[in-house]
Each structure stands twice: as C-alpha cells, then as structure tokens.
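Asks: Everything below, folded, please.
(3 chains)
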Amino acid sequence: MTPQDVHEDQFEAEFSERAIDEPALVVDVEGFEGPLDLLLTLARQQKVDLAKISVLALADQYLAFIEAARKMRLELAADYLVMAAWLAYLKSRLLLPETHPAEGVSAEDMANALAQRLRRLEAIRKFAEQMINRPQLGRDVFQRGQPQPIAEIKRPQWSATLYDLLSAYAGRRQTQARSFVRMPKRTVWSLAEAREALERLVGQSMDWSPLDKYLIDYLVDPSHRATVLASSFAALLELVREGHIEMHQQGSFAPLYLRKRQSPQNGNPSEDKAGGAMAAPSGNG
Amino acid sequence: MGKVAEMRVIVGDKEDEQRESAGKRAEELRILEALLFAAEAPLDEKVLAARLPAGTDVRALLTQLQRDYAPRGVNLVRVGGKWTLRTANDLAWLLTHESVVTRKLSRAAIETLAIVAYHQPVTRAEVEEIRGVSTSKGTLDVLLETGWVRLRGRRKAPGRPVTYGTSEAFLSHFGLDALTDLPGLDELKGAGLIDATLPADFSVPVPSDDPTLREDEEPLGPEDLDLGLAPRSERGEE
Amino acid sequence: MGKVAEMRVIVGDKEDEQRESAGKRAEELRILEALLFAAEAPLDEKVLAARLPAGTDVRALLTQLQRDYAPRGVNLVRVGGKWTLRTANDLAWLLTHESVVTRKLSRAAIETLAIVAYHQPVTRAEVEEIRGVSTSKGTLDVLLETGWVRLRGRRKAPGRPVTYGTSEAFLSHFGLDALTDLPGLDELKGAGLIDATLPADFSVPVPSDDPTLREDEEPLGPEDLDLGLAPRSERGEE
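Replies: Below you'll find the model as predicted:
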C-alpha cells in the first residue's frame, strides 16, 4: 500500500470493525485515542503479527494519514504532529545506512521500541476486555442479599479491690458517724402555708367557728404553737381584707370567730339580705 | 437374545429419562437457591415461579430445598408467607460477638457493695440510711449485674422491701474465704482506715451471708424473678 | 474367645470414634456455612478460625465446603484471599435484571483500570505512556470513585507523582483471589511486556497490590488525603 492509496472511504471500510459506540472514522482524528491508537489501527491493516510489523511501512501510512487530514484542513492535536515528526525522523534514519551504530540508540532499536509499545497497548486492550468481561459482582454474580451482620455485645467485667471496698466502707461510716450531730431545724409556718391551710379548712363553711377549732391539728406540737398562730393570724387578716373570709371577736383576747364571706355577688340576689336565707344552701350540703 | 436387548434399551431409556428429569430438577433447585440467596427480602412463590421454567411446581421444589437445608447451618424458612434463607436458629450465637470490657465500679457502687457486705441482709432504705444519701436504683442494678450482690428475700415490714446480700462470686472476686474474714472495727482502725476519734457507740457489724432467711425475712415471690435475675441477653430483647 | 470379644470392643470404639468425628466435622461445616452465609463481606481464615473450635483445620473445611457447593446455585469462592458465598457464574442471566444497573465505564476508563491493575504501582504519566495519549483527570477520578483504584503513595522521582494501585474491592468485584489471577498475566510476562527488558522509561515490574510501599515509593502526605482517600460520605460533607 502506498501513501497515495490512503483515501477516506478506504479508512471508513477498514475501521468499521471498531466499536459501534465510537464515531465511525472518516479522517476524523477525534475517533482515535491518540497517535498510538491510530498507529495500532494502521498496524492491524498489515494483518501480520505486531512482532513482524514493518515500522517503515507503518510510518509511511501514518504520515499519509496525517497528510490527508491536513488536506481536509482538520485541526490535528499536537500529539499527532509530534508523532508524525518523530516517525519522519525514524523513517529517514531507517532508510539511511547507520554510520555510527555505537552512537546513541540505533534506528532499529527505536523501531523495535515502537513495535513493543504497540504490542503492549494491544495486549493491555485484549486483557482489559477479558478482565471487564469477567463475572462482575453486582452484575453477574451476587452476594447475600440480606446479610446478618455480627452484633457486638460488650460484656462488662467489673473491677474493684478489697482495699477499695474497705476504704469506701470505713470512709463512709466514719463520715456518717461524725455528721450524726444534727442541729434541730426550727419549724416555721410560712404565711403561704398558713393561708393555704386556712383556705382549705374554712372552705365553704357558713357557720361561725373559733380559729382554734380550725387549727386544732396544727397546735398539737407545743413547739409549733407560736408560729402557727402568728402566721395564721397574719394570713387571716389578708384573707379578710381580700373579702374571702369574715371574722369577729367579742372582746380583747376573746376567741376569734370566722366563716366564709357571705358574698352578695353569689349569683342569687335574694340571698344577700338575711342569714335565714343563707341557711337553706348550707342545710342542703 | 433379541428380547433381552430390547429390554435393555427400554431400561436404558428409562434411566436416561430419569437422569434427565433429575438433572432438570437439580437445575431448578440451583436457580431457586440463587434467587433466595441474592434476594434483598423474602420472596413469595409467585415471584419465584416467574423466574423458573413455566409449569414448575415451585411449592414442591421449595419443600425439597427446605428438607435439603434442614440439617445445615443455613435453613430455608417461611416468614409471612414468603421464603428466605436464614442461619440456623441454634447457631444464632455465632452472629454475636462478645467482648469483655473492664469497668471500674463507681464510688457509690463500691460503698453500697460494702454496706451490703457488712450489713446484710439489708434493704435499699437501710443502705441509704447508712450512706446518708439516697441510692439510685441503677447502683443496685449494677451490683446485681456484677453478680456480687443478690436478692435474698423480702423484709417482713410495711412495703415488703427486698433484702440484699452478697453472693459466692463476691467472696471469690475479693479473695475471701468467708464473709467473717472481712475486717472488724479494730482491724479497720489498725489498718488506718478508721481513726480513733469516733463516738463510743460506733460499731461495725459482724457480717454473715448465711443463705437461710432470717426471722424477719420471707422468700421472694415469683414476680421478683423478672427483676434482675434473668440473663441479660433476654432482657435486652424485651 | 476373650481375644475376639476384645477385638470387637476395639472395633466398636473405632466406629464410635469415627461417627463422633464425622458429627464434629458436620457441625464445624454448619458453623462455617452459617458464618459465610451471614457475612456482609468476604471473611479471612483467621476470622473464621476464631469462631471455630481451637485446632480446627479451617482450610480443609473450606475446601470441603467449596466442593460441596460447587454444583449448586451458590458457590464458595475466594476473593482477595478471603472467602465468600456468591451466586454461581452461570446463573448471571437469571439475576441480571434484578441488579442495579452499574454505570458503564468508558473505554478509556476500562483501559486505564487494566493498566493500573497489570502495571501497579503506576503513575498517571506511565498510564499515559502506555496508552499513548493523555488521560483526563476525570478518568482517574471515576476509577477512584468506584473504589477499585486507590492512591498508594508517591514515586520518589521529580515531581513526586502519585502512584495508583488496585484495592481489595477490585479483586472482590472481579472475583479474583489475587492479582496473579488476572487474565493473560503470564502471557504478558512471557511476551516481555511487563518485565524490565525495555528501556528504563518502559520498564514495568510485575504488578503487586501489596500495600507495603516499594523502594521507589514514599507515603502520601496529609495534603493528599482530600483527594480520594477519605470515605465518600465524609467527602460529601465537605
């Protein structure tokens, strides 16, 4: 094959074996994965073992291809041009007799190295295909769909020494024995407590009753007597002021009588006049 | 001769047929097995049938597969009307990994343990009184978990509180031959753990872990057995 | 007479022993089966041995289990030196449409993956040298994202280029026990396409995914950790 034969139609025919998902090649450099791929494709046209390939013929084909591409004013990537220049150089070296074989790398070595690169690329492509066609996990073969992972149970092993035990015991007992001296807490009835108790005790009671009777349960302990009386009296005054409770006293130091305030706004206007009318609801209760 | 040869042929055919049918069945079982293995959830018979050659008796295949797997480490089980492969129930322990973590008892737990040891049988309220602070339920739970403290019985008193005591594991962990080996007041003083300036009536009881219930104790009821005596794993599943 | 009786006893013992040993083996096989079956990922022999009675010949059991499973719909295979159960290769047709469609790798990515696998540890420049074309950053990123290719370290060379290698996930995904099982590796070696008979620039040693860095590699610096080593989720959070 001579360079003149290189023709886009021919390329199209030659390269139709390429994978379908890649654009069909005309003189479309885009279709190649770089100059080495192009060289490999051209080499395949020689239909011989890559080991016996004629690098010279290959160089010719490559240069013709580039020439054809240029005529069509395709923009060529620099890679292709660098390779073209290198091949042109190699070609000239191959055609000329080697004058100084000892000097640097011989043209034959360069040609062999190129052939070796092509073989390597071809081999890796072949095995890449074999590799990718192996049964793939999640595509061809499957692992267990519902794995039952191993659960980690942490079992504590408790540690303590006899010394820990004894010192803790002795320490705590000793502290407790010493802190056993207790200051008796003074009991104080707060105003709030007194008020709460009175509201509860007087409740709905409509009859006059002495204060002492209400507080009888709280006056048992003599130590409480003073605070209970003082606080309830203060709370009582407050309750009277607010109009919740009525109270009266016969004279100084006489018992205090109290009852729930007979409210005129109780809902029934007839009830606010006389005590007689009030007796009816209390009688019902 | 002719007859014998003929018979042989017939027998041969039958064998071939049987072999063929057995081969077909084996292949169907393989498919079933692979489907069930790879499935992300249990599969129902309809789904399985759709993947098998038309006219396959899926139920019969499943029954055979179930029988094949029965003695194995993996079983074919039916859950909610669907089929799935599971590790055999008796091998569930394989799927848990127990690791031992050493943990130190809290100060409160050690104090409580010491009080239980010296004052047993003792109720929680009594422990609190001796410690002078309230004891959380958790502290006693931890002690029950260590296996050093056990429920003894209930005190014959209002509320029937549980009484606690120490176990044999307690003795073995702390290297005690008997509970009476626990040092008394004089020994504690001698060891410098208690100093001399204590009230005259201060005493340390002579401990006893005699398992016989005391007069003021009564046995635990069956309702107590769920409290902390059941193995942890079962409690965990609740 | 006495001698006969004695012999019988011995024979009986032997039978019992055999039966017992067979039972023990069956139980060990069950355990092995259950473990492999339940596992989320391939298990190595050490992990398996830890779950079996001490002194069990794990390898022999695995070989037997592998033989037992060979004709079945699920097979026991070794990937990356670890053991796992997988559906049989020939049933791919059955299960394929159940799978999540895995993203199809571009031709460039497949080639790059193969070069990384056969020539690792390898730098991007070396990949480009073999392919004769520059490799886009995206191609290697896609491969890193699959988890099949990982950053190994840096080559002790000008520019300290990153070296790439395959991961355990790569072996597991393609069902390879070791890199030596890669198709055509011997052929490549035989043809001198993988040894160092070529000029220095071309030399590629026998592939190895041994995580130990080679003499001409050095570890990645902390600045590399953001590139692709961090788990995806973490990277996603950035």
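Asks: From here on, just use CA atoms for contacts and neighbour counts.
Replies: Fine.
Asks: partners of the lengthiest strand in chain A in the sheet?
Replies: Counting residues, the longest strand found in chain A (DSSP state E) is strand A:151-159. The strands that strand A:151-159 pairs with in its sheet are strand B:96-104 (parallel) (by DSSP bridges).
Asks: continuing past the strand it pairs with, what's the next helix or strand?
Replies: helix B:107-119 (DSSP states H and E).
Asks: And that following helix, what's buried?
Replies: B:A108, B:A109, B:I110, B:E111, B:T112, B:L113, B:A114, B:I115, B:V116, B:A117, B:Y118, B:H119 (16 or more other Cα atoms under 10 Å in any protein chain shown).
Asks: among those residues, which are within reach of chain A?
Replies: B:I110, B:E111, B:L113, B:A114, B:I115 (Cα under 8 Å from any Cα of the partner chain).
Asks: May I see those residues organised as CSV, with distance to chain C and pLDDT added?
Replies: As requested, these are exported to CSV (distance: Cα to the nearest Cα, whole Å; pLDDT from 0 to 100):
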residue, distance to chain C, pLDDT
B:I110, 36, 92
B:E111, 40, 92
B:L113, 37, 93
B:A114, 39, 92
B:I115, 42, 93
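Asks: want to throw those residues into TSV with distance to A:D207?
Replies: Below are these laid out as TSV (distance: Cα to Cα, whole Å):
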residue	distance to A:D207
B:I110	62
B:E111	59
B:L113	60
B:A114	61
B:I115	58
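Asks: And the pLDDT for A:Q265?
Replies: Note on A:Q265: pLDDT of 52.
Asks: How about the one 10 residues further on?
Replies: A:G275 is assigned a predicted lDDT (pLDDT) of 39.
Asks: One more: the one 4 residues further on?
Replies: A:A279 carries a pLDDT score of 37 in this model.
Asks: what do you get for the one 4 residues further on?
Replies: For A:G283, the model assigns a pLDDT of 35.
Asks: A:A88 and chain B, how far apart?
Replies: 59 Å (Cα to the nearest Cα, to the nearest Å).
Asks: Can you tell me the number of residues neighbouring that residue?
Replies: A:A88 is flanked by 17 other residues according to other Cα atoms under 10 Å in any protein chain shown.
Asks: In stretch A:171-180, which residues are buried?
Replies: Buried, per 16+ other Cα under 10 Å, within stretch A:171-180: A:R172, A:R173, A:Q174, A:Q176, A:A177.
Asks: Of these, which belong to helices?
Replies: Of the buried residues of stretch A:171-180, the ones assigned to helices by DSSP state H are A:R172, A:R173, A:Q174, A:Q176, A:A177.
Asks: got a list of what A:M110 touches?
Replies: A:L90 (Cα atoms under 8 Å, 6 or more residues apart in numbering or on different chains).
Asks: so it, which of the three states?
Replies: helix (DSSP: H, G, I helix; E, B strand; the rest coil).
Asks: Go back to the ones in helices among the buried residues of stretch A:171-180 and keep what's next to chain B.
Replies: Within those, those near chain B by Cα under 8 Å from any Cα are A:R172, A:R173, A:Q174, A:Q176, A:A177.
Asks: Can you lay out these as TSV showing distance to B:R78 and pLDDT?
Replies: Formatted as TSV, those follow (distance: Cα to Cα, whole Å; pLDDT from 0 to 100):
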residue	distance to B:R78	pLDDT
A:R172	60	84
A:R173	62	85
A:Q174	65	82
A:Q176	64	76
A:A177	67	75
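Asks: what's the closest of the residues you listed to chain C?
Replies: A:R172 (46.2 Å; Cα to the nearest Cα).
Asks: got any ranges where chain B has weak pLDDT?
Replies: B:1-17, B:196, B:223-238 (pLDDT under 70).
Asks: residue boundaries of the strands in it?
Replies: Under DSSP E, chain B gives strands at B:74-79, B:82-87, B:96-104, B:122-123, B:149-155, B:162-166, B:217-218.
Asks: thinking again about what came up before, of all pairs in the ones in helices among the buried residues of stretch A:171-180, which one spans the longest distance?
Replies: A:R172 and A:A177 (8.5 Å; Cα to Cα).
Asks: any idea how far B:S134 lies from chain A?
Replies: Relative to chain A, and taking Cα to the nearest Cα, B:S134 is found at 13 Å.
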